[in-house]
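*Asks:* Could you work out the structure for the sequence below:
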Amino acid sequence: MTAKIFDSHAHYNDGRFDSDREQLLGELFAGPVSHILNCGITYADSVQCLELARQWPGMYAAAGIHPENVEESVPEDLQRLRALWADPRVVAVGEIGLDYHWDTPRDLQHFYFEEQLKLAKELDMPVVIHDREAHADTMELVRRYRPRGVMHCFSGSAEMARELADMGMYVGFTGVVTFANARRPLEAVAAVPPRLLLVETDCPYMAPVPNRGRRCDSGMIQYTAAAMAAVHGMSAEEMIAQTAENAAELFGITL
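*Replies:* Take a look at the predicted model:
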């Protein structure tokens with residue numbers, strides 16, 4: 001494989017990488033991976049993402065407050081994040097959004113999501129949006145604020161994916177597209193033109209088949225890319241190259 005992977009969404013400061021993080025990242029960057037976007041979920045976690053990005057030339061950070069973490073955050077964190085967003089290694093506001101799977105207070109989720117959407121517009125930065133079982137409310141806010149960015153780990157319908165693409169949003173897919181019951185996500189892949197597709201791991205989660213159930217890492221993206229490529233009549237290598245170009249354009253990174 002000559003095309004290099006751009007993993008557009010990862011969490012390498014997760015504790016599951018504590019035992020071998022340096023070795024794994026060294027192997028990935030020496031092999032199939034050129035770039036990784038490591039995404040923050042709290043202010044403190046975003047600081048760690050930036051520290052990791054400073055250690056590895058191919059790694060960049062997104063800084064933000066995740067909807068599952070709003071209860072451990074305070075409004076002052078939004079201003080503290082400004083210092084991170086000003087750093088050239090931080091290329092996106094994220095991971096932000098809504099998650100109705102858990103019992104996290106929805107009014108608090110909406111507050112942090114909207115405030116970060118406003119700040120992204122003010123700072124002219126792309127957003128990385130998390131949407132889990134909150135499609136209607138997420139889309140209402142996306143329509144209202146019209147951010148530029150990506151709907152990551154997409155789990156909505158083909159119609160929703162098409163609407164996002166019509167708005168110029170990128171749509172990111174994980175190893176879920178390789179699962180046996182992947183009809184719905186593959187229909188969504190088909191609804192998005194290749195120039196607006198991103199491929200991601202969301203590692204350590206979402207390992208693709210044949211690695212399902214294992215800790216995921218960026219080297220596994222080839223399987224996700226192959227499943228996406230088949231939908232668009234492309235090779236896996238073509239999809240890896242296309243999605244790398246897409247991520248570089250969105251996040252303002254030179255390949």
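
*Asks:* Give me the distance between the nearest residue to Glu68 once chain neighbours are set aside and Gly149.
*Replies:* Among residues not flanking Glu68 along the chain, Asp99 sits closest, at 5.4 Å (C-beta to C-beta, 6 or more residues apart in numbering). Bear in mind the C-beta positions are built from the backbone N, C-alpha and C, glycine included. Here the criterion is C-beta to C-beta, to the nearest Å. By it, Asp99 lies 17 Å from Gly149.

*Asks:* ok so Phe113 is a helix residue?
*Replies:* Yes: assigned with DSSP: H, G, I helix; E, B strand; the rest coil, Phe113 falls within a helix.

*Asks:* Test my guess that it contacts Leu141.
*Replies:* Yes: between Phe113 and Leu141 there is a contact under C-beta atoms under 8 Å: 6.4 Å.

*Asks:* which ones are touching Val127?
*Replies:* By C-beta atoms under 8 Å, 6 or more residues apart in numbering, Val127 lies in contact with Gly64, Ala92, Val93, Gly94, Ile96, Gln116, Leu117, Ala120, Pro147, Arg148, Gly149, Val150.

*Asks:* If we use 10 Å, what do you get?
*Replies:* 62, 64, 92-97, 113, 116-117, 119-121, 142, 145, 147-152, 169 (C-beta atoms under 10 Å, 6 or more residues apart in numbering).

*Asks:* would you list every one of the helices in the protein?
*Replies:* Taking DSSP state H as the criterion, the chain carries its helices at 21-30, 43-55, 76-85, 106-123, 135-145, 158-166, 183-191, 221-231, 236-251.

*Asks:* and these, which is most packed in?
*Replies:* helix 221-231 (a mean of 23; mean count of other C-beta atoms under 10 Å).

*Asks:* Return the list of helices and strands in contact with that one.
*Replies:* Secondary-structure packing of helix 221-231 (3 or more C-beta pairs under 10 Å, 6 or more residues apart in numbering; DSSP states H and E): strand 5-10, strand 170-173, helix 183-191, strand 197-199, helix 236-251.

*Asks:* got the angle for the last one vs strand 5-10?
*Replies:* Put plainly, it is helix 236-251. 50 degrees (axes from the mean of the first three to the mean of the last three C-alpha atoms, to 10 degrees).

*Asks:* Who are the packing partners of helix 236-251?
*Replies:* strand 5-10, strand 33-39, strand 59-63, strand 90-99, strand 149-151, strand 170-173, strand 197-199, helix 221-231.

*Asks:* Look at Asp99 and Gly149 and report which has more neighbours.
*Replies:* Comparing Asp99 with Gly149 by other C-beta atoms under 10 Å, the one with more neighbours is Gly149, at 25 against 20.

*Asks:* if I look at that one, how far off is Thr201?
*Replies:* 18 Å.

*Asks:* how far is stretch 138-155 from where the chain is centred?
*Replies:* Remark: stretch 138-155 is offset 12 Å from the chain centroid, using C-alpha atoms, centre = their mean, to the nearest Å.

*Asks:* what about stretch 47-54, average pLDDT?
*Replies:* Stretch 47-54 carries an average pLDDT of 98.

*Asks:* An error on my part: the question was meant for stretch 162-171.
*Replies:* Stretch 162-171 comes out at a mean pLDDT of 98.

*Asks:* now what about it, what contacts it?
*Replies:* Counting by C-beta under 10 Å, 6+ apart, 8, 126-129, 139, 142-143, 146-154, 156-157, 160-161, 188-193, 195-198, 243, 246-247, 249-251 sit against stretch 162-171.

*Asks:* Of all the helices of the chain, which one is nearest Tyr205?
*Replies:* helix 221-231 (12.6 Å; C-beta to C-beta).
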